[in-house]
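S.K.: Turn this into a structure:
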Amino acid sequence: MASGNSLYLVCDPCSGTNEKDFGFKICERGIIGAYEVFGPAKASGQLAIWLKKHQRCGAKGSPDHFKLAHLHQPNHDQPKNRPILSLKRVNGTEITGSVSPENQ
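M.R.: Coordinates of the predicted model:
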């Protein structure tokens, strides 16, 4: 599957320390498609192990220290966020206005 973006569960305190496994990849989506979860049975077991490892990383009285994060800027691969192209006709005149790759 072509990667559009990935969604992670992140241990907030560990994310600032550059610890190797501060995030757990939950799923990935294609360029246009919906998010696809990785092998539910296997992923569930691995997620349980990851959560147990990071359950005490938050300060005392702060067990909800997890957050969601994307691998890339949200919606980075969508047409409205792609660069505008400057196109020229065969005769050399420039096509004006915003033209995205999808509307060529």
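S.K.: Next, give phi and psi for residue 15.
M.R.: The phi and psi torsions at residue 15 (degrees, to the nearest 10) take the values phi -70, psi -30.
S.K.: what's the neighbour count on the closest residue to it other than its chain neighbours?
M.R.: Taking CB to CB, 6 or more residues apart in numbering, and ignoring the residues beside it in sequence, residue 15 has residue 22 as its nearest neighbour in space, at 4.6 Å. For every residue, glycine as well, the C-beta is placed using N, CA and C. Residue 22: 19 surrounding residues under other CB atoms under 10 Å.
S.K.: Residue 70 too?
M.R.: Residue 70 has 14 neighbours, counted by other CB under 10 Å.
S.K.: Which residue lies nearest the spatial centre of the protein?
M.R.: For the chain, residue 70 is the residue whose C-alpha lies nearest the centre (CA atoms, centre = their mean; 2.9 Å).
S.K.: Please consider this matter closed, and thank you.
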